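K.L.:
Coordinates only, no sequence provided:
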């Protein structure tokens, strides 16, 4: 097998692992913010579902550039950043950071699982 073909197969497995982890993260985040309002969530807990705007804005994408790739998790609702990090008047209600930590931990194992199928 030629070197270029090996690199392409490895890249393909990396992309597959990133999409798998990104999809799981998106689902987990949406689940975490699905508790109906009222009541409001407690400080330090994921926000509760009010309008669905935040819930619907959670997504991921994978980009590849040469031999590297990036997995991006995002919530595009305008108020997402205020909930995630808090303000001077409201404690943070993190919903992205816990899942980002999980992905950072699990992605190498997922990638190895896919590499074993080469």
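P.N.:
Thanks, I have the structure now. Source: prediction; values computed, not measured.
K.L.:
Need the three-state assignment for the closest residue to residue 80 other than its chain neighbours.
P.N.:
Nearest residue to residue 80 in three dimensions, chain neighbours excluded: residue 54, at 5.9 Å (C-beta to C-beta, 6 or more residues apart in numbering). Where C-beta positions appear, they are placed from N, C-alpha and C, glycine not excepted. Here residue 54 is recorded as helix under DSSP: H, G, I helix; E, B strand; the rest coil.
K.L.:
residues touching residue 54, list them.
P.N.:
Contacts for residue 54 (C-beta atoms under 8 Å, 6 or more residues apart in numbering) come out as 33, 47, 75, 77, 79-80, 83.
K.L.:
Let me know the pLDDT of it.
P.N.:
At residue 54, the pLDDT value in this model is 98.
K.L.:
Tell me the spacing between it and residue 89.
P.N.:
Spatial separation of residue 54 from residue 89 under the definition C-beta to C-beta, to the nearest Å is 18 Å.
K.L.:
related to what we said a few turns ago, and the residue nearest to residue 80, how far from residue 76?
P.N.:
9 Å.
K.L.:
With residue 45 instead?
P.N.:
Distance of residue 45 to residue 76, given as C-beta to C-beta: 22 Å.
K.L.:
more crowded one of these two?
P.N.:
Per other C-beta atoms under 10 Å, whichever of residue 45 and residue 76 has more neighbours is residue 45, with 15 against 11.
K.L.:
Surely that one is in contact with residue 93?
P.N.:
Yes. With contact defined as C-beta atoms under 8 Å, residue 45 and residue 93 form a contacting pair (6.1 Å).
K.L.:
List the buried residues of stretch 108-116.
P.N.:
Buried residues in stretch 108-116, counted by 16 or more other C-beta atoms under 10 Å: 110-111, 114.
K.L.:
typed the wrong thing, it's stretch 64-76
P.N.:
By 16+ other C-beta under 10 Å, the buried positions in stretch 64-76 come out as 71, 73, 75.
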